[in-house]
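> Provide a 3D model corresponding to the input given below.
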Amino acid sequence: MKKSKGKKKHPLNWREVPARLWRKKWLRVIAVIITILLVLFLTARFWNPIIFPPVKQANIGMSFSVKQTQMLGLDWRETYRALLDEKTGMGIKHLRLMSYWDLYEPEQGKMDFAQLDEEIAIAKEYGADVSLAIGLRQPRWPECHEPDWATNMDEKKWQAALLNYIGAVVQRYEKNSTVISWQLENEYYNGLFANCRLATPTRLQTEYDLVRHYSKKPIWMSMSDQFGYTKDMPTVDRYGFSVYRVVYSTGLYNGYMTFPTPIWYHRLRAAIISQTTGKDIFIHELQMEPWAPTDIPYASYKEQDKSMSVNQIRESMLFAREIGAKDMYLWGGEWWYWRQQRGDPSIWNTVREEINKAEQ
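Okay, here's the model as predicted:
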């Protein structure tokens, strides 16, 4: 019996592959959708202001960290006053200050708030108000500002020591009219940059109950830029989220990346949180300093400008205003002054121009 001959196979011509694939309807639809999304993403800066008008008469504040001025080799008082002075400086009227546990209780039971007292007194001198960060996790690296003496304590004693410190801070400034609110922990559940000890819902609720016991002032909490919701958070008075645009990534690859989250995502997220909680939403941290592969003093101006240049400052401010939150705290004032003191006033002047524009 003769074997039947199978269908003769023709060698694959790779030049014909795109044409063959294009004949598949579902692939054409996907390609068109991807193309539209890519075009929209690349041209967003032109149509965003039309669809999402920038908020006007914004309330612009700023975070200020004594630790950051020390890292930059600056005099904190000189830097702080320059940022607050309305005539010759930036004229900031809303501040987020830090009550670092390791800084103000360097030895267990021995608290010294002289420096923080001075920060708040200077703010009052310039007519600025203060939102005071409290708790273990506060802005600036290493995020978890734990004193050395607490590192090896068992869980029960450690939490008691932390609660004792938080209570002392709240009671000290409860009657100070310059301090208008408390930020309880900073991005408490954000494990991407730091994993603070015992970051549980139970501990967070205990801290909230303690602060509310001692204070009638508003309490707010924060979430990160790309993700986070109010799940497992106490019902506070306000919620904040950060906005970062260009950062140096060390995750999937080493290099600079622009966060792809569009304005509509931030607006939708804010609307959902506001509608489901009935609470106000604002930007607690708008990136206005470089995110380089090294600390700022070790990065050249060229390297710094890759993630925060004059143009990026303008783009980031517009982006934040298009999100629609009227209240926003800028991040990076210490760096603006550092660049100015080193002979480059362009960053300082640009930020001042953008603040003036946003407040009109």
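
> what about stretch 85-99, how long is it end to end?
With CA to CA, to the nearest Å applied, stretch 85-99 spans 23 Å between its terminal residues.

> buried sites along that stretch?
89-99 (16 or more other CB atoms under 10 Å). Glycine gets a C-beta too; all of them are placed from N, C-alpha and C.

> for that stretch, the distance to its chain's centre please.
18 Å (CA atoms, centre = their mean, to the nearest Å).

> i'd like the first residue to be 53 from this point on
Let's use 53 as the start, then, which means that last one is stretch 137-151.

> I'd like the mean pLDDT over it, please.
Across stretch 137-151, pLDDT averages out at 97.

> quick one: Met150 and Leu188 touch, right?
No: in this structure Met150 lies outside contact range of Leu188 using CB atoms under 8 Å: 11.7 Å.

> ranges for the helices of the stretch 53-202 of the chain?
69-74, 77-94, 96-103, 118-123, 128-136, 153-156, 166-177 (DSSP state H, counting those that start in this stretch).

> what packs against the last one?
When contacts are defined as 3 or more CB pairs under 8 Å, 6 or more residues apart in numbering; DSSP states H and E, helix 166-177 packs onto helix 128-136, strand 146-150, helix 153-156, strand 181-186.

> at 7 Å instead, please
helix 128-136 (3 or more CB pairs under 7 Å, 6 or more residues apart in numbering; DSSP states H and E).

> let me know the next secondary structure element after the longest strand anywhere in the chain.
Assignment by DSSP state E gives strand 332-339 as the longest strand of the chain. Using DSSP states H and E, the helix or strand that follows strand 332-339 in sequence is helix 353-356.

> now the following helix or strand past that following helix and strand 332-339, what's the angle there?
Heading C-terminal from helix 353-356, the first helix or strand you meet, by DSSP H and E, is helix 362-375. Per axes from the mean of the first three to the mean of the last three CA atoms, to 10 degrees, the angle that helix 362-375 makes with strand 332-339 is 170 degrees.

> buried residues in helix 362-375?
By 16+ other CB under 10 Å, the buried positions in helix 362-375 come out as 364-365, 368-375.

> with distance to Ile174 added, can I get those in TSV?
Formatted as TSV, the buried residues of helix 362-375 follow (distance: CB to CB, whole Å):
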residue	distance to Ile174
Gln364	30
Ile365	26
Ser368	28
Met369	26
Leu370	31
Phe371	31
Ala372	27
Arg373	29
Glu374	33
Ile375	31
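
> on that earlier part again, run the chain-centre distance for the longest strand of the chain.
Taking CA atoms, centre = their mean, one finds the center of strand 332-339 at 7 Å from the center of the full chain.

> got the CA positions of it in CSV?
Once non-C-alpha atoms are left out, strand 332-339 reads as follows in CSV (Å, rounded to 0.1, in the frame of the first residue of the first chain):
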residue,chain,number,x,y,z
ASP,A,332,-11.8,65.9,52.3
ILE,A,333,-8.9,64.8,50.0
PHE,A,334,-5.7,66.8,49.4
ILE,A,335,-2.1,66.4,48.1
HIS,A,336,0.1,66.0,51.2
GLU,A,337,3.3,65.6,49.2
LEU,A,338,4.0,66.9,45.7
GLN,A,339,7.5,66.0,44.5
